[in-house]
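[1] Curious how this folds, go ahead:
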Amino acid sequence: MRKYTFNATWLVFEKTIRIIATTLVAFYIARYLGPQDFGQLSYALAWLAIFGSLCSLGLDSIVLREISHHPERQNGIFSTAIGMKFFVSLIFVLIVLGIYLCKADDVGMHLILIAACALIFQPLNLCEIFFQAKAESKKIVHFQVIQSLASCILKLWIIYINGPLEWLLWSYVFDACFLGVGIYLRCQMEKGITLSARYFDLQLGKKLLVSAFPMFLTGLSVATYMKIDLIMLEQMASLDELGIYSAAAKLSESWYFIPVAITGAFSPLLFKLKKENQEAFNLKLQELYSLLIWGSIILGFATSLFSNDIIQLIYGTKFQTADHVLLVHIWSGVFVCIGLVNSIALLSENKLYQNLIRTLLGGIINISLNFLFIPTFGVLGAAYATLIAYAFSGHFSVILFKNGFHELMLPIKSLMRIPRIFS
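    From the prediction side, this is the model:
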């Protein structure tokens, strides 16, 4: 247990440093660009998130589980998974390039093409799972912090010389390249693992894809309904409104890396406990719920009290109307945390399709409510649509399945506990 706690601490520390640095720079970018250009940047990056989900093939969690269960097969698992992700990413970039050539005068498509170039390097990030599975994330933390600082310096330099929006988008491609190649090289240096084409196993690849298919659809659905509001605002509202909403959403989501890091670090332990000790698994799951839910509630109250001051301080007067969006959007974090923990539980029990169905329903609700709310309420309507969709998908949808009432009450009961995940 102590090993996993130590690993989680390193993961949270590294991601805290990275996210604080990159988020502060993102706030500065918003100030520099203004609502309209920041809206264009957010629009292109929203498509990158959806593209990235498509190209990930849903393999990350499956690879982590397989490595935890079969460490002796790690070379074949990693080489096969990374090879498949790289092939799909390359094909996808070529498809986007073809669409751009047919619409060369479309500024939005030009920005999307630049962002899509980052897909080529993202498969290499899978190497990070090797260190997570061994609870040795400390070995790559130093490099990841250096990469984040280099990324921030590059973006600040572009702003300093009054560089165009396109240069800022290219900096995100640089981020993907630097991070992916660096983690890959660190993984190659580690004894006991070799990533090579000769380890590519087609049969293993088919098995991984079949296992990952529900996770692929789930990840795509999550990426879509987390970013669809930006895409729909671009179509149904103005770029200024898109920029206002993007600024509030960026601030609201800036802390999500913490629950993601914690659940990612403890998922190998939960998988192990599920096989060996059901009682210990249930206890640790409830402690994880307690820690993340209480943390998100406290953050929600603090942000709600000072939303206007926070927006003024970070973005300035150009984004002053974003405070109302932030006031609503921040509460989505409670249900994001519940959904993250529940996803780990479902994966450990091989209930992948249940997670998929819930996510798809959440996406349908989000899109439908955006169609209803945006014409009437504008950016505030998009925030309410997101909150309702997250609440349904992350928590209330469990009632649709067997033992749903028990799963519905588990996060609520966890509020009666003092968070003790590090016990």
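
[2] what ranges of the stretch 51-200 of the chain fall below the confidence cut-off?
    For the stretch 51-200 of the chain, residues meeting the criterion pLDDT under 70 lie at 64-66, 68-72, 103-107, 129-141, 190-196.

[3] Distance of I159 relative to I244?
    From I159 over to I244 the distance is 20 Å, taken as C-beta to C-beta, to the nearest Å. (Glycine included, C-beta is placed from N, CA and C.)

[4] And these two? Which one has more around it.
    More crowded of I159 and I244, by other C-beta atoms under 10 Å: I244, with 30 against 17.

[5] could you point out the longest helix in this structure?
    The longest helix of the chain (DSSP state H) is helix 2-56.

[6] and the helix or strand that contains I365, what other elements does it pack with?
    In this structure, I365 sits in helix 352-377 according to DSSP states H and E. Secondary-structure packing of helix 352-377 (3 or more C-beta pairs under 8 Å, 6 or more residues apart in numbering; DSSP states H and E): helix 202-236, helix 332-348, helix 379-394.

[7] With mean pLDDT and mean neighbour count added, can I get those helices in JSON lines?
    Converted to JSON lines, the helices and strands packed on helix 352-377 look like this (pLDDT from 0 to 100; neighbours: other C-beta atoms under 10 Å):
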{"stretch": "helix 202-236", "mean pLDDT": "75", "mean neighbour count": "19"}
{"stretch": "helix 332-348", "mean pLDDT": "83", "mean neighbour count": "23"}
{"stretch": "helix 379-394", "mean pLDDT": "88", "mean neighbour count": "24"}
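
[8] Kindly reformat the ones you listed as CSV containing distance to I19.
    Output for the helices and strands packed on helix 352-377, formatted as CSV (distance: least, C-beta to C-beta, whole Å):
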stretch, distance to I19
helix 202-236, 17
helix 332-348, 14
helix 379-394, 20
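
[9] Which one of these lies nearest to K272?
    helix 332-348 (9.4 Å; C-beta to C-beta).

[10] quick one: the closest one to helix 379-394, angle?
    30 degrees (axes from the mean of the first three to the mean of the last three C-alpha atoms, to 10 degrees).

[11] what packs against helix 332-348?
    By 3+ C-beta pairs under 8 Å, 6+ apart, helix 332-348 packs against helix 239-253, helix 257-276, helix 278-305, helix 352-377, helix 379-394, helix 404-414.

[12] change it to 10 Å
    Contacts defined by 3 or more C-beta pairs under 10 Å, 6 or more residues apart in numbering; DSSP states H and E place helix 332-348 against helix 59-69, helix 202-236, helix 239-253, helix 257-276, helix 278-305, helix 352-377, helix 379-394, helix 404-414.

[13] Show the contacting residues for E253.
    23, 226, 329-330, 332-333, 336 (C-beta atoms under 10 Å, 6 or more residues apart in numbering).

[14] Mind doing that once more with 8 Å?
    G333 (C-beta atoms under 8 Å, 6 or more residues apart in numbering).

[15] cool, L33 as well?
    41, 165, 168, 243.

[16] gap between the closest residue to A223 other than its chain neighbours and S221?
    Distance criterion C-beta to C-beta, 6 or more residues apart in numbering; nearest residue to A223, sequence neighbours excluded, is S53 at 3.6 Å. Distance of S53 to S221, computed by C-beta to C-beta: 9 Å.

[17] Please tabulate the helices and strands packed on helix 332-348 in CSV and include distance to L101 as additional columns.
    Formatted as CSV, the entries for the helices and strands packed on helix 332-348 read as follows, by distance: least, C-beta to C-beta, whole Å:
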stretch, distance to L101
helix 59-69, 30
helix 202-236, 22
helix 239-253, 24
helix 257-276, 36
helix 278-305, 44
helix 352-377, 29
helix 379-394, 32
helix 404-414, 49
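
[18] Out of these, flag the one nearest S89.
    helix 59-69 (12.1 Å).

[19] after that closest one, next one along is what?
    Using DSSP H and E, the helix or strand that follows helix 59-69 towards the C-terminus is helix 74-102.

[20] now the angle from that following helix to helix 202-236?
    Going by the same axes, to 10 degrees, helix 74-102 makes 40 degrees with helix 202-236.

[21] Name the residues of helix 74-102 that are buried.
    74-86, 88-89, 92-93, 96, 100 (16 or more other C-beta atoms under 10 Å).

[22] And the helix or strand that that helix is followed by, what does it pack against?
    The helix or strand immediately downstream of helix 74-102 is helix 107-116, counting by DSSP H and E. The contact analysis (3+ C-beta pairs under 8 Å, 6+ apart) places helix 107-116 against helix 2-56, helix 74-102, helix 165-189.

[23] and Q286, which of those helices is closest to it?
    helix 2-56 (16.6 Å).

[24] related to what we said a few turns ago, okay, now the residue nearest to A223: neighbour count?
    S53 has 21 neighbours, counted by other C-beta under 10 Å.

[25] just the one 10 residues further on next, same as before
    Residues near V63, counting by other C-beta under 10 Å, number 25.

[26] and it, what does it touch?
    Contacts of V63 by C-beta under 8 Å, 6+ apart are 77-78, 81, 126, 129, 208.

[27] Mind picking the two most distant members of those residues?
    Maximum pairwise distance in those, criterion C-beta to C-beta, is 12.7 Å, between I129 and L208.

[28] Which one of the helices and strands packed on helix 332-348 lies nearest to Y28?
    helix 239-253 (11.8 Å).
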